[in-house]
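*Asks:* Build the 3D model from these lines:
(chains A and B)
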Amino acid sequence: MLVRKTRKIVNIWFVSIVIVVCILLLMLNSGIKILENTAGFIVLPFQRAGNAIINGVGSAFDSVFNSYAIKKENSQLKSEIDSLKAQLQIYSETAKENERLTELFGYLEEYPEYETILASVTAFSPDNWSMIIVVNKGSQHGVAPDMPVVAQGGLVGRVIEVSDNWSKIMTVIDSRSKIAAIVERSRDTGIVEGVVETGNFLGRCRMINMPFKPSIMPGDTILTSEAGGVFPKGLVIGRVSEVSQNRTGGDDFAIIVPSVDFAHLEDVLILKEK
Amino acid sequence: MKILVTFVLILFNYVLQTTLINRLSIFGVVPDVGIAFIVSIAILNGVFSGGAAGFVYGLITGIFFGFSKASTVFYLFEYTAVGAIAGLLYPKTENKVFIRPMLFAGGGYLLKELIDIIPKLVLRIPVFTLPLLMILILGSLYTAVIMFPVHNLTERLHRFRFMRLENDTRIFLEK
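*Replies:* Model prediction:
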């Protein structure tokens, strides 16, 4: 009985002291800090560990539960990227085509007396001694022989044969092609022909039948003249790359690099007189 | 069936030659996939088939690219000649390496180009030696290289039943 009473008194005292200490500590600022630090020192490691465990387990659960959705989203995004890439490719092709056609149709403004027929190149001659191309427009579309043909850059050649839905075009570099021409700067006239001696090797043409001591030099632009009756005046044939002056009395001639890139020819315009 | 398949392949080779192959030129020199195919047919089937394949290929090329009737006939003649001569000269002995068909394709190209030059010589049109040599050497080498896949595929195709003749004893079928 006495022991019980003593314990009760001790407990009351202990609690009272703790309360008094706590009140005293709370009354002092530094005391609060001590309490906070002590609490932090004891609790924080457990909190961190708990958080780490919960986060780890949670993310594992998340990844398990969300993997299907992520995979689905991933494949969706991949297919979107593919379709965007395809669209971009189409846009880029369309832009290139637009650029090409805009330049091509510039001829409409320069030659209002002509109407144009747009045609695509379908084939190139298979041998090394001629340069004839086939296009996908024929008499059905109003194409007729001897119509001039132009492309991005300048003159391609002329129509030599027409079928219902395709035509043959003899290009300026074909060894049988002959075109009346004029030098833009000096106004010297001559004839531009394909270089038969070399076939398609290097893909050049040359200007012959020039006046005595012509004023022609590398870099000069060669244009069509109306003399032949086939081509309108002023279509660009090419640029002079080399002039060969024959001192032994023979004819002078100039090697011409055509302004049209025949290796990458896709679309051409056939000029039809109105 | 065999004739039909060969005809379709001739058309395919013609389209390939006039579209893709022409864009793969080196210094303006293009190989001739048509020659490669005709020589391949001649090697596998003999002089008559080679000549016939050359005739059809030459006719199609002439129709589309002949400048006149004479040049159409000229195309026809040169391809027929290449096919027939390749079929005539190709030894009927077993040959496991591809060198011989490749040599024949290169030779076929040379023959075709030389036939091309004959009218220029007759008409006294000057032809520069260097470009001519480049066309002959580069073109025949290029055609010989192209012969490898062409002959390989043609030979594989000829192993199918529909491309065989009755009692077919051709050497390449024994490999």
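*Asks:* Please make it C-alpha for all contacts and neighbour counts, starting now.
*Replies:* OK.
*Asks:* If you tally nearby residues, what's the number for the residue in chain B positioned nearest to chain A?
*Replies:* In chain B, no residue comes nearer to chain A than residue B:127, which is 3.9 Å away by CA to the nearest CA. Residue B:127 has 16 neighbours, counted by other CA atoms under 10 Å in any protein chain shown.
*Asks:* try residue A:110
*Replies:* Other residues close to residue A:110 by other CA under 10 Å number 11.
*Asks:* Secondary structure class of the residue located most distally from the centre of chain B, three-state.
*Replies:* Distance from the C-alpha centroid of chain B peaks at residue B:124, with 27.8 Å (CA atoms, centre = their mean). At residue B:124 the chain is in coil, as set by DSSP: H, G, I helix; E, B strand; the rest coil.
*Asks:* What are the phi and psi values at it?
*Replies:* As for residue B:124, its main-chain torsions (degrees, to the nearest 10) stand at phi 60, psi 40.
*Asks:* circling back to that earlier point, local confidence estimate at the residue of chain B closest to chain A?
*Replies:* For residue B:127, the pLDDT comes out at 70.
*Asks:* what separates it from residue A:193, distance-wise?
*Replies:* Residue B:127 sits 15 Å away from residue A:193, going by CA to CA, to the nearest Å.
*Asks:* Now do the contacts for residue B:40.
*Replies:* Contact analysis of residue B:40 by CA atoms under 8 Å, 6 or more residues apart in numbering or on different chains lists B:50, B:101, B:105, B:147, B:150-151, B:154-155.
*Asks:* Which of the three states applies to it?
*Replies:* helix.
*Asks:* How about residue A:190?
*Replies:* strand.
*Asks:* Ok, residue A:218 next?
*Replies:* Counting by three-state DSSP, the backbone at residue A:218 sits in coil.
*Asks:* now do residue A:214
*Replies:* Per three-state DSSP, residue A:214 ends up coil.
*Asks:* From the contact counts, what lies against the lengthiest helix in chain B?
*Replies:* Ordering each helix of chain B by length in residues (DSSP state H) puts helix B:129-158 first. Applying 3 or more CA pairs under 8 Å, 6 or more residues apart in numbering or on different chains; DSSP states H and E, we find helix B:129-158 packed against helix B:33-45, helix B:99-122.
*Asks:* Pipe the contacts of residue B:40 into a markdown table and attach pLDDT, neighbour count and distance to residue A:95 per row.
*Replies:* Putting the contacts of residue B:40 into a markdown table (pLDDT from 0 to 100; neighbours: other CA atoms under 10 Å in any protein chain shown; distance: CA to CA, whole Å) gives the following:
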| residue | pLDDT | neighbour count | distance to residue A:95 |
| --- | --- | --- | --- |
| B:50 | 88 | 28 | 47 |
| B:101 | 86 | 22 | 46 |
| B:105 | 88 | 34 | 42 |
| B:147 | 89 | 29 | 39 |
| B:150 | 88 | 20 | 37 |
| B:151 | 87 | 23 | 41 |
| B:154 | 86 | 16 | 41 |
| B:155 | 84 | 17 | 44 |
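*Asks:* in chain A, which strand has the most residues?
*Replies:* Assignment by DSSP state E gives strand A:114-124 as the longest strand of chain A.
*Asks:* Now do the buried residues in it.
*Replies:* Using 16 or more other CA atoms under 10 Å in any protein chain shown as the test for burial, strand A:114-124 gives A:114, A:116-119, A:121-124.
*Asks:* restrict those to contacts with chain B.
*Replies:* Filtering the buried residues of strand A:114-124 for neighbours of chain B using CA under 8 Å from any CA of the partner chain leaves A:122-124.
*Asks:* got those as JSON lines, with pLDDT columns?
*Replies:* Converted to JSON lines, those look like this (pLDDT from 0 to 100):
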{"residue": "A:122", "pLDDT": "86"}
{"residue": "A:123", "pLDDT": "84"}
{"residue": "A:124", "pLDDT": "84"}
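*Asks:* about what we covered before: neighbouring strands - and their directions - for the longest strand of chain A?
*Replies:* strand A:132-135 (antiparallel), strand A:267-273 (antiparallel) (DSSP bridges).
*Asks:* picking that back up, between the helices and strands packed on helix B:129-158, which one is nearest to residue A:86?
*Replies:* helix B:33-45 (32.4 Å; CA to CA).
*Asks:* Now do the closest one, average pLDDT.
*Replies:* 89.
*Asks:* right, and the helix or strand after it?
*Replies:* helix B:47-65 (DSSP states H and E).
*Asks:* so after that next one, what's the next helix or strand?
*Replies:* helix B:69-89.
*Asks:* outside of that following helix, which residues touch it?
*Replies:* Outside helix B:69-89, the residues that reach it (CA under 8 Å, 6+ apart) are B:35, B:38-39, B:41-43, B:45-59, B:61-63, B:65-66, B:104, B:108, B:111-112, B:115-116.
*Asks:* Isn't residue A:239 up against residue A:216?
*Replies:* No: Residue A:239 is beyond contact range of residue A:216, at 10.7 Å (criterion: CA atoms under 8 Å).
*Asks:* give me the number of residues near residue A:98?
*Replies:* 12.
*Asks:* OK, contacts around the residue nearest the centre of chain B?
*Replies:* Geometric centre of chain B, nearest residue: residue B:35, 1.6 Å, by CA atoms, centre = their mean. The contact partners of residue B:35, taken as CA under 8 Å, 6+ apart, are B:54, B:79, B:82-83, B:105, B:108-109, B:143.
*Asks:* Kindly report the same for residue B:3.
*Replies:* Counting by CA under 8 Å, 6+ apart, residue B:3 makes contact with nothing.
*Asks:* Could you check how far it is from residue A:182?
*Replies:* In terms of CA to CA, residue B:3 sits 54 Å off from residue A:182.
*Asks:* Leaving aside the residues adjacent along the chain, what's closest to residue A:173?
*Replies:* With CA to CA, 6 or more residues apart in numbering or on different chains as the criterion, residue A:173 has its nearest non-adjacent residue at 4.3 Å, and that residue is residue A:194.
*Asks:* Give the residue spans of chain B that score low on pLDDT.
*Replies:* For chain B, applying pLDDT under 70 flags the ranges B:93-97, B:126, B:165-175.
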